[in-house]
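S.K.: The following comprises the amino acid sequence and a computationally predicted model.
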Amino acid sequence: MPSSQITKLLELANKKNLEEFAIQLCTSYPELNNLTDAVITPESYESHFQGRILGKHVEFDKSVVAILSLCWTFTGNYTKLVECQQGPSKLKESTFRKLQKWVVSQIQNEKELEFALICILMNDLGKVPDYKEYAKQHGYDCIDHDQILYHAFKTAKLYPQDMTRLFPSTKHLNSKQIDLIEETLKVDFKFAQFIQAENVPECLDSFARSTEFKKTILLHAIFDLIGAAGHVKQNGSLVLTEDTCNDILQAQEILLQKNISSRQMYHRYLQCRNKSFGFDENWITLTRIACMCRFHTKEDVVPLLDAWNCLHFSKRIKLDEEFGLELTPSLLLYYSPAMFVNAMKRKEIEKQDNLFQTFQTIYEICLFVRDQLSMKKDMNDFYYIQVDVGSVAKKISENIFPTNFELKVSTSKTNEGILLCL
């Protein structure tokens with residue numbers, strides 16, 4: 001695509017009517033239209049905005065707002081980025097300028113901006129059934145949408161007609177850039193899980209090894225996160241608040257340090273976060289949970305500490321083992337932050353009581369999963385184990401703390417789902 005087209009997109013991004021930007025984006029990068037079809041996504045919502053394209057499709061809206069946010073940051077348009085924000089959590093312009101400074105150091109011209117834009121719009125294509133089916137047809141029956149996308153892209157590279165059909169925007173890229181996309185897709189890295197301490201140190205191993213591509217991977221991951229509430233508001237980023245931007249800047253600095261292991265990355269980030277909570281630097285458990293609750297201050301964590309102290313001592317020990325990463329293999333409770341956040345939204349009950357009930361539920365989940373997996377002879381061969389608690393989080397959002405639930409469990413080695421019923 002000629003740079004004049006990128007210039008046009010930048011101009012449209014700074015106009016009041018964002019529909020024109022979305023339409024131009026879909027015209028220029030056709031695979032983005034796939035996100036207006038049925039996709040594999042956990043959210044359901046009522047949009048605050050209903051346009052011809054925007055405000056109707058969850059993953060499409062997220063991708064468009066991620067790209068808009070990249071454009072606003074690249075051009076320094078602080079006003080557009082925070083248009084939908086208000087109150088004390090609103091991003092400060094001085095903090096925004098720090099992020100912008102890093103972004104423009106990574107993207108120095110419009111061709112580099114186009115490459116970043118294409119990487120971001122591809123990010124959620126693994127949730128589209130056509131891409132999942134394509135990967136499956138070529139021997140890759142994956143659960144994780146990032147792995148689906150990687151295998152689909154890697155395979156399509158071998159067949160020019162498939163590349164044109166599935167990834168038409170690659171016609172704007174050179175062969176080196178296409179190879180770079182494949183290399184970055186191969187890296188299993190979930191930035192949002194990292195900054196809210198949802199994942200475990202082992203999840204960073206692939207990123208830690210990708211020395212050559214770290215900055216590229218991180219740039220795309222950051223803006224994917226910044227657009228994460230695009231299905232709610234399109235006129236700015238609801239996610240990039242003052243606290244979240246500081247978390248991003250803190251994480252970015254640590255993740256890009258040289259000669260650092262995945263475990264060092266993980267613990268250095270937690271040590272930075274626990275200072276704001278007033279915790280001991282070695283108190284991993286409550287630091288992780290406070291991050292999952294999206295807390296940032298000493299005042300925030302008061303009900304969390306009260307709920308923790310109300311737990312029976314034996315349950316605190318068990319949860320301390322799990323969240324303190326003392327057991328092998330580690331459990332990654334996927335969507336556990338949603339459990340805490342949804343629980344705290346229950347206004348009719350005190351926050352401390354909601355957190356206490358969430359602790360109780362997570363204790364039961366951990367106990368059950370460990371018990372079930374102990375019966376598998378090769379359990380110790382697993383790198384880490386992911387337990388999808390999304391269905392539990394959904395129940396909590398409906399004011400129900402379930403005593404019976406189904407858990408989808410997958411291992412980092414096989415990525416095969418094992419359905420456990422409790």
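M.R.: Arrived safely, thanks for sending. This structure is a prediction, so every number in the text was calculated from the model and none was measured.

S.K.: CA only for contacts and neighbour counts going forward, please
M.R.: Fine.

S.K.: can you give me the helices for the stretch 151-300 of the chain?
M.R.: Along the stretch 151-300 of the chain, the stretches classed as helices by DSSP state H, counting those that start in this stretch are 160-166, 175-186, 191-195, 205-209, 214-226, 242-255, 262-277, 284-292.

S.K.: got TSV for those, with distance to residue 236 too?
M.R.: Conversion of the helices of the stretch 151-300 of the chain to TSV gives the following (distance: least, CA to CA, whole Å):
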stretch	distance to residue 236
helix 160-166	29
helix 175-186	27
helix 191-195	19
helix 205-209	29
helix 214-226	10
helix 242-255	14
helix 262-277	26
helix 284-292	24
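
S.K.: Would you format these as a markdown table with mean neighbour count, distance to residue 373 and mean pLDDT included?
M.R.: Converted to a markdown table, these look like this (neighbours: other CA atoms under 10 Å; distance: least, CA to CA, whole Å; pLDDT from 0 to 100):
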| stretch | mean neighbour count | distance to residue 373 | mean pLDDT |
| --- | --- | --- | --- |
| helix 160-166 | 15 | 39 | 96 |
| helix 175-186 | 17 | 28 | 95 |
| helix 191-195 | 20 | 24 | 96 |
| helix 205-209 | 18 | 23 | 93 |
| helix 214-226 | 21 | 32 | 96 |
| helix 242-255 | 18 | 32 | 97 |
| helix 262-277 | 19 | 24 | 93 |
| helix 284-292 | 22 | 22 | 95 |
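
S.K.: The ones you listed: which one's closest to residue 73?
M.R.: Nearest to residue 73 among the helices of the stretch 151-300 of the chain is helix 214-226 (9.9 Å), distances taken as CA to CA.

S.K.: The closest one packs against which elements?
M.R.: helix 58-75, helix 110-122, helix 191-195 (3 or more CA pairs under 8 Å, 6 or more residues apart in numbering; DSSP states H and E).

S.K.: out of those helices, which comes closest to residue 243?
M.R.: Residue 243 lies closest to helix 191-195 among those, at 11.3 Å (CA to CA).

S.K.: Which residue ranges make up each domain of this structure?
M.R.: 3-244, 311-422 (automatic domain parsing).

S.K.: Comparing those domains, which comes out most buried?
M.R.: Of these, the one with the most neighbours on average (mean count of other CA atoms under 10 Å) is domain 3-244, at a mean of 19.

S.K.: Find out how far it is from the centre of the chain, if you would.
M.R.: Counting by CA atoms, centre = their mean, to the nearest Å, domain 3-244 is centred 11 Å from the centre of its parent chain.

S.K.: Check stretch 390-407 too.
M.R.: Relative to the centre of its chain, stretch 390-407 is centred 21 Å away, using CA atoms, centre = their mean.

S.K.: Run through the stretch 1-150 of the chain and note the low-pLDDT ranges.
M.R.: The stretch 1-150 of the chain contains residues with pLDDT under 70 at 1-3, 37-55.

S.K.: As a check, name the ranges of all helices in it.
M.R.: Counting by DSSP H, counting those that start in this stretch, the stretch 1-150 of the chain has these helices, from start to end: 3-13, 18-28, 58-75, 78-81, 93-106, 110-122, 129-137, 145-156.

S.K.: So what touches the last one?
M.R.: Where contact means CA atoms under 8 Å, 6 or more residues apart in numbering, the residues beyond helix 145-156 that reach it are 123-127, 131-132, 134-135, 138, 140-142, 162-163, 166-167, 182, 185-186, 188.

S.K.: got the domains of the chain as a markdown table, with distance to residue 299 columns?
M.R.: Below are these laid out as a markdown table (distance: least, CA to CA, whole Å):
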| stretch | distance to residue 299 |
| --- | --- |
| domain 3-244 | 14 |
| domain 311-422 | 13 |
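
S.K.: out of those, which comes closest to residue 261?
M.R.: Smallest distance to residue 261 across the domains of the chain (CA to CA): 6.3 Å, for domain 3-244.

S.K.: Tell me how far residue 130 lies from residue 321.
M.R.: Here residue 130 is placed at a distance of 41 Å from residue 321 (CA to CA, to the nearest Å).

S.K.: ok, residue 248 - contacts?
M.R.: Counting by CA under 8 Å, 6+ apart, residue 248 touches 195, 222.
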